[in-house]
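Asks: Show me the folded form of this:
(chains A, B, C and D)
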There are 2 protein chains.
Amino acid sequence: MPDRAIRPRKEFGKTIAADITHRLREEIVTCGLPPGEPLRFDVLRERFGASFTTLREALTALAAEGLVDAQEQRGFRVAPVSRQDLVEVTDARVLIEVELMRRAIEKGDDDWEIAVISTLHRLKRIEQRDPEHPLRDPEWKIAHRQFHQALVSACGSATLLAIRAELFDRAERYRHLSASFRPRPRDKAGEHQAIMQAAISRNADLAVQLIETHIRSTADNVADHAGHLLDTE
Amino acid sequence: MPDRAIRPRKEFGKTIAADITHRLREEIVTCGLPPGEPLRFDVLRERFGASFTTLREALTALAAEGLVDAQEQRGFRVAPVSRQDLVEVTDARVLIEVELMRRAIEKGDDDWEIAVISTLHRLKRIEQRDPEHPLRDPEWKIAHRQFHQALVSACGSATLLAIRAELFDRAERYRHLSASFRPRPRDKAGEHQAIMQAAISRNADLAVQLIETHIRSTADNVADHAGHLLDTE
DNA sequence: CGGACTCACATTTTCGAAAATGATAGCGGT
DNA sequence: ACCGCTATCATTTTCGAAAATGTGAGTCCG
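Replies: As a prediction, the model looks like this:
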């Protein structure tokens, strides 16, 4: 049996680099590391307790995902936000997510229905704890991601699911910006419920329309309530 | 002097890591490093003359692009090919490229038309040198990539263009597999000419249909002539 | 006073050694 | 003979020092 004392840190990822990548991604999408922030190695080294090379590997991976901006010979920084980027990400998400929604509704089996229903149930339970500020709860964020992931999971294409996940993360940064400045939370719970029902009842046209509205409303919210943050770069 | 829409000469990377990433991608895409091949550091170190860490950074970036498979604690290997992967990549390309083609036809200006025409011209000139085996000519491959890039370049979304480029590279591996085993080359020159004409004359429906056929025919060719390579994994 | 040049300094980038981990062969007990 | 255990080896993964590069202040001329 493995000796626990000798291996103090083996909780999450197997390699440190993968672990750092994961943690950095979380910090960036939640805007704990704000857009445009320079990512200096000595700072990261202290915060994450890893060496130059390991950090560099993580940053390179995130640069390929579009969350980090690599400026050759001048280091890395958190990818800046902008109106143009918001429009592009929203637009790309609609294109892909709508298509995947249709496919999932067509191909989804019993397991898919169960996954959709149970992830929504879990999301609603977490929402009850703090109905006013769900995005501040890390668990809500995870449950929200898993619900949307479940909705399209039966689409049959791991390739498109991976692309979708990347765009979802990039959009999540804007969701956080939006949430910090929106005066009152909109009725996300109701929207999620309606999407679930449309999906389970195999009403593809309705589900697709609801998803598109759901995605676009975030973009509108950011433009309305956090637009001043988008022109700094 | 206004910079040409197409820069055939790529600036060599300023950092070694970026350079190695580029060279490794070329080797993988052209199947110089065959699918499934283990990528051991000793071998790569000798072949590319870079250190462990630099190579690791390049491999991590390519793993995020889907060209390399990272097996934690057990190293890297060239991403394997499979029927399923071929179907997914083809399918995703059709979804995205068709949409971008429509947008480019709608938004394209004079510079776009010039880029499309000139990249096709260049492609045809290179084709004349060795009409039987164009894919063996690295310059043809570059010109081919640039023609297809030019076609959709006016779509207005850098985000979708980046996704498209990734899928194009993943598909290029299958093009190489297909070319090695196809008895006679198909009439790619004619197809490119037809696509160009449809695009320039703003016939979106026709252009889209031609593009889809163009993309799917590669998949069919691989299935027909190199299918035996796809079941090894 | 302004512009260009030089020289430290700060920061990134690269390297090879050292630690960690997985794979394998050899040994011993049942 | 077979299974499990251990020691050894091959390979990956991590580290901090060293080299390379960009940045900015200060200085010298016109």
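
Asks: Wondering if stretch A:18-33 reaches DNA strand C at all.
Replies: No. Applying CB under 7 Å from any atom of the strand, one finds stretch A:18-33 separated from DNA strand C by no less than 11.4 Å. The C-beta positions use only the backbone N, C-alpha and C, and glycine is treated the same way.

Asks: That stretch - what's its average pLDDT?
Replies: This predicted structure assigns stretch A:18-33 an average pLDDT of 96.

Asks: What of stretch A:100-118?
Replies: Averaging pLDDT along stretch A:100-118 yields 97.

Asks: And for stretch A:152-170?
Replies: For stretch A:152-170, the per-residue pLDDT values average out at 98.

Asks: and what of stretch A:201-219?
Replies: In this model, stretch A:201-219 carries a mean pLDDT of 95.

Asks: what comes up buried for it?
Replies: When neighbours are counted by 16 or more other CB atoms under 10 Å in any protein chain shown, the buried residues of stretch A:201-219 are found to be A:204, A:207-208, A:210-212, A:214-215, A:218-219.

Asks: Need the contact partners of that stretch.
Replies: Contacts of stretch A:201-219 with the rest of the structure, by CB atoms under 8 Å, 6 or more residues apart in numbering or on different chains, involve A:86-87, A:90, A:93-94, A:97-98, A:101-102, A:105-106, A:151, A:171, A:174-175, A:178, A:186, A:191, A:194-195, A:198-199.

Asks: Check stretch A:100-114 too.
Replies: Residues from elsewhere that reach stretch A:100-114 (CB under 8 Å, 6+ apart): A:116, A:150-157, A:160-161, A:164, A:199-200, A:202-204, A:207-208, A:211.

Asks: what do you get if the cut-off is 7 Å, keeping everything else the same?
Replies: Residues from elsewhere that reach stretch A:100-114, judged by CB atoms under 7 Å, 6 or more residues apart in numbering or on different chains: A:151-156, A:160, A:164, A:199-200, A:202, A:204, A:207-208, A:211.

Asks: which residues does the residue in chain A positioned nearest to DNA strand C contact?
Replies: Taking CB to the nearest atom of the strand as the measure, chain A has residue A:75 as its residue closest to DNA strand C, at 3.2 Å. Taking CB under 7 Å, 6+ apart as the definition of contact, the neighbours of residue A:75 are A:38-40.

Asks: and if we set it to 8 Å?
Replies: Listed by CB under 8 Å, 6+ apart, the contact set of residue A:75 reads A:38-41.

Asks: From the contacts of stretch A:201-219, which land in helices?
Replies: Using DSSP state H, the subset of those located in helices is A:86-87, A:90, A:93-94, A:97-98, A:101-102, A:105-106, A:151, A:171, A:174-175, A:178, A:191, A:194-195, A:198-199.

Asks: Let me see the ranges of the strands in chain A.
Replies: Under the criterion DSSP state E, strands of chain A are mapped to A:38-39, A:68-70, A:76-78.

Asks: Can you list the strands that the first one pairs with?
Replies: Pairing partners of strand A:38-39, with direction, according to DSSP bridges: strand A:76-78 (antiparallel).

Asks: follow-up on the earlier one: farthest-separated two in the contacts of stretch A:100-114?
Replies: Set against one another by CB to CB, those have their most distant pair in A:160 and A:200, with a gap of 21.5 Å.

Asks: More neighbours: those two, which one.
Replies: When residue A:160 and residue A:200 are compared for neighbours, residue A:160 comes out ahead with 24 against 16, by other CB atoms under 10 Å in any protein chain shown.

Asks: Return the subset of the contacts of stretch A:100-114 lying in helices.
Replies: Secondary structure of those is defined by DSSP H; positions in helices are A:151-152, A:160, A:164, A:199-200, A:204, A:207-208, A:211.

Asks: Surely residue A:153 is in contact with residue A:161?
Replies: Yes. With contact taken as CB atoms under 8 Å, residue A:153 and residue A:161 are classed as touching, separated by 7.1 Å.

Asks: Filter the contacts of stretch A:201-219 down to the buried ones, ChimeraX style.
Replies: What follows is the ChimeraX syntax selecting those of those that are buried according to 16+ other CB under 10 Å:
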select /A:86,90,93,94,97,98,101,102,105,151,171,174,175,178,194,195,198,199
